[in-house]
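Visitor: generate coordinates for the sequence data below:
(chains A and B)
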Amino acid sequence: MAVQDTSRHEPQRSSFLNDPVVRGRLYQLLTVVIVAAFVWFIADNTAANLARQNKTTGFDFFWFTSGFDIQFSLIPYSRASTYGTAFLVGILNTMLVAVIGVFFASLLGFMVGIARLSNNFIISRLALIYVETLRNVPLLLQLVFWYFAVLKSMPGVRQSFIFLDGVVLNQRGLYLPKVVTDAQFAWVWGALALSIVAIVVLQRWAHKRLEATGQRFPVFWTALGVLVVLPLVAGLISGTHLSVDLPVLKGFNYAGGIGLPPELVALCLGLIFYTATFISEIVRAGIQSVSYGQTEAAQALGLRDGDRLRLVIIPQAMRVIIPPLASQYLNLTKNSSLAIAIGYPDLVSVFMNTTLNQTGRAIEVVFITMLVYLTLSLATSSFMNWYNRRIALVER
Amino acid sequence: MNTQDLAYVRTKFEPARPAPMSNLGLVVWLRRHLFATVGDTVLTLLGIAFLVWALPNLYNFLIGDAVFAAENGDACRAANVGACWAYVWARLDFFLYGFFPADPYWKEQAGLFAEFMAQWRVNLVFFIGLALVVPLLWPSAPFKVVNAALFFIVYPVVVFYLLAGGAFGLEKVPTEKWGGLTITLIIGLVGIVTSLPLGILLALGRQSRLPAIKYLSTGFIELWRAVPLITVLFMASVMLPLFMPSGVTIDKLLSALVGIALFNSAYMAEVVRGGLQALPRGQYEAASSLGLNYWKSMFFIILPQALKHVIPGIVNTFIALFKDTSLVSIIGIFDLLKTVQSSTADLDWTAPTQAITGYIFAAAVFWIFCFSMSRYSIFMENRLHTGHKR
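Guide: Residues are numbered from 1 along each chain as shown, chains lettered A, B, ... in the order given. Predicted structure coming up:
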């Protein structure tokens, strides 16, 4: 008869070091101690180095007179202004490039992305060549190319290229006509705001009616009509007078109109053409991610072509497109810091280069510059998280 | 059962008929791909018009009217001349080697071989690199482990001694004299070799269950990803000397390398994290049920699968890194872009097309490297597409 040995062995008490929880805490403690020691080492060295070089620290330099010129500024600035103003000029210049770049890069990127999916052989191949060429060349090289090889070899002021009498391109930059408005023009702005409110109300009403009765209202055409007619009527009634300020040759340079320095033009061109290649790939991937079955399903439901795109295809493609698109916008903003290579006064060039060299406050300046970019980046990623939550697939 | 010849049943197959004309031939292809609708036709005509305008101009500029051989810039200064390739050829030494001193003996000799030998140290670096890289990337080449060890461990040491000198009877060359394509490749290679392991560690840290490690990794990654590389490079060149104990001077090239490696490791970490998150939980559980500890399960089970998933992302980061090496020109390192840019001020070759030719040359070099990297990644992706194929 088999006898089962029922006496139980006490399990061997293992060392408390083998407990995963204890080990985890030990590892964490070790990491924190190493990181803290490293940070302390750096801080100590920095303090010692600063003391040895007799450098003062602090943020008071923001109120000192800067004493340097910035050749392009959106707000009044002169060499008598403070470093704080220079900082602001830098941020505004960076944002100007970012806004122009994001707008045109999206436009071009969407066009090229759709072109790459075109059935048209020539169009899709041209788009492919454009994307594969510019995507694989460093942005800095492209900026330098646009600035030094293209814009700097433009004809001089006397031999400027002139398009349609209003757009002038020469070595000194690009000049665009400027529309000058008078005081009465405020009415037109008011009417424009009013028409936008009216359109929102109209859209809500039309949507409700569609849900209730199934009858459509031509919202788009009505909205377009309202948008044109209301401001036009306001303009006529108020008797506003518009004039166009054309750039004209005065002495050795063009004056009047909107003058864009060649640095800004080169930076925008480079950023737009480079970022558009990435945006076009994102758009292409987004559209391709919507399977053909969705198109067929929409057709089976009897949706019209426009509705099919608006209600079925685009919302699904956008879910794939928006997050990488937002990070491309962020990349464009960060890449605008390459402006320093061609002398456009952006944040990095004005603040992290000139201001840092003049004041010698390396740590403060680097800290603030990084803080600005960090804020931008965190804002973008929080927008992305919000958007992702909003459009996340609701699974069963 | 009696058999009967059924006249209406076919006894042999009908020969296949050709496809209908509406599906076949050049005309149909043209109609479908070029002239499907009115809008398509307009686009096609615009496209053809663009090509008719662009291609001859491009040909004339690059080849037709280009100056291929000239002693100095006179030929390039003539009216309506295309690219000045003679200038690129004349300054090719500078574009490849920067200010690296030429071998005194071979510099005096004439001929192509002597020119090659004048920079034998850098050329040797190129050749050893090529000889190690090709079999490493060739999937069916043998001795992968030995090859990888030679390339990643022995080769950097050899490169350092060959270029820096100061030992084995080689003349000492400070890093300020390194330049041109050499330094672009060095920065790219060091960046690639250091950022991948660092990025993997950071990604694992971010996925860790231990909060201190997780938050430290996350903070590190997000900080670097938020700022532009140029601020990192500025910081490296301005702040690193401040961070060091007094008396320690830090090489400009080294500080740029540190900046680029840290910056790209953050991007790499996010790519690898994508791969880690794509793996189903079952893989982690399977690894622990086999009794593997953390590092073993990561090394043998998780990472091979996760990295395979994200090869395109990894290669994209490599390509971005390689393109970003051009930024070191802003902090005054003479990389390929900087050598080209500074040589456009060369008075011997001043010509209307000099700058454009130089930049086209630099762009072509960068393009060849980046484009072949992306093609290789597509090739590898297809090769490693095991287990997912249906």
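
Visitor: CA atoms for contacts and neighbours, from now on please.
Guide: Will do.

Visitor: break down the stretch 101-250 of chain A into its helices, ranges please.
Guide: Ranges of helices within the stretch 101-250 of chain A are A:121-135, A:139-144, A:185-213, A:219-238, based on DSSP state H, counting those that start in this stretch.

Visitor: in chain B, which residue is most central in space?
Guide: B:Cys370 (3.6 Å; CA atoms, centre = their mean).

Visitor: tell me the phi and psi of that residue?
Guide: phi -70, psi -40 (degrees, to the nearest 10).

Visitor: right, and it touches B:Thr317 too?
Guide: No - counting by CA atoms under 8 Å, B:Cys370 does not reach B:Thr317; the two are 10.9 Å apart.

Visitor: is the host helix or strand of A:Gln358 in proximity to chain B?
Guide: In this structure, A:Gln358 sits in helix A:356-359 according to DSSP states H and E. No - applying CA under 8 Å from any CA of the partner chain, one finds helix A:356-359 out of contact with chain B, separated by at least 9.6 Å.

Visitor: so which of the helices of the stretch 101-250 of chain A comes closest to chain B?
Guide: Of all these, it is helix A:121-135 that lies closest to chain B, at 5.5 Å by CA to the nearest CA.

Visitor: identify the residues contacting the closest one?
Guide: Identification of contacts with helix A:121-135 by CA atoms under 8 Å, 6 or more residues apart in numbering or on different chains yields A:112-113, A:115-118, A:273-274, A:277-278, A:280, B:33-34, B:43-44, B:47-48, B:367, B:371.

Visitor: list the buried residues for that helix?
Guide: Within helix A:121-135, the residues scored as buried using 16 or more other CA atoms under 10 Å in any protein chain shown are A:121-128, A:130-131, A:133-135.

Visitor: redo these as CSV? Include distance to A:Cys268.
Guide: Listed next are these as CSV, based on distance: CA to CA, whole Å:
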residue, distance to A:Cys268
A:Phe121, 30
A:Ile122, 28
A:Ile123, 25
A:Ser124, 25
A:Arg125, 25
A:Leu126, 22
A:Ala127, 20
A:Leu128, 22
A:Tyr130, 18
A:Val131, 18
A:Thr133, 18
A:Leu134, 15
A:Arg135, 16
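
Visitor: could the residues you listed be laid out in TSV, adding distance to B:Ala114 and pLDDT?
Guide: Listed next are these as TSV, based on distance: CA to CA, whole Å; pLDDT from 0 to 100:
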residue	distance to B:Ala114	pLDDT
A:Phe121	50	85
A:Ile122	48	87
A:Ile123	49	88
A:Ser124	48	89
A:Arg125	45	90
A:Leu126	44	91
A:Ala127	45	92
A:Leu128	43	92
A:Tyr130	41	92
A:Val131	41	92
A:Thr133	36	92
A:Leu134	37	92
A:Arg135	38	91
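
Visitor: looking at those, which one is closest to B:Leu6?
Guide: A:Phe121 (52.4 Å; CA to CA).

Visitor: and the residue nearest the centre of chain A?
Guide: Chain A has A:Tyr329 as the residue nearest its centroid, 3.6 Å off, counting by CA atoms, centre = their mean.

Visitor: need the contact list for the closest residue to that one other than its chain neighbours.
Guide: In this structure, A:Tyr329 finds its nearest non-sequential neighbour in A:Val102, 6.1 Å apart by CA to CA, 6 or more residues apart in numbering or on different chains. Counting by CA under 8 Å, 6+ apart, A:Val102 makes contact with A:Ile272, A:Tyr329, A:Leu332.

Visitor: coming back round to it: where's the residue nearest to the centre of chain A relative to B:Phe318, distance?
Guide: 21 Å (CA to CA, to the nearest Å).

Visitor: swap in B:Tyr267?
Guide: Counting by CA to CA, the gap from B:Tyr267 to B:Phe318 is 10 Å.

Visitor: ok, back up a step: in what helix or strand does the residue nearest to the centre of chain A lie?
Guide: helix A:314-335.

Visitor: and for that helix, what's in contact with it?
Guide: Here helix A:314-335 has contacts from A:94-95, A:97-98, A:101-102, A:271, A:275, A:278-279, A:282-283, A:285-290, A:373, A:376-377, A:380, A:384, A:388, A:391-392, B:227-228, using CA under 8 Å, 6+ apart.
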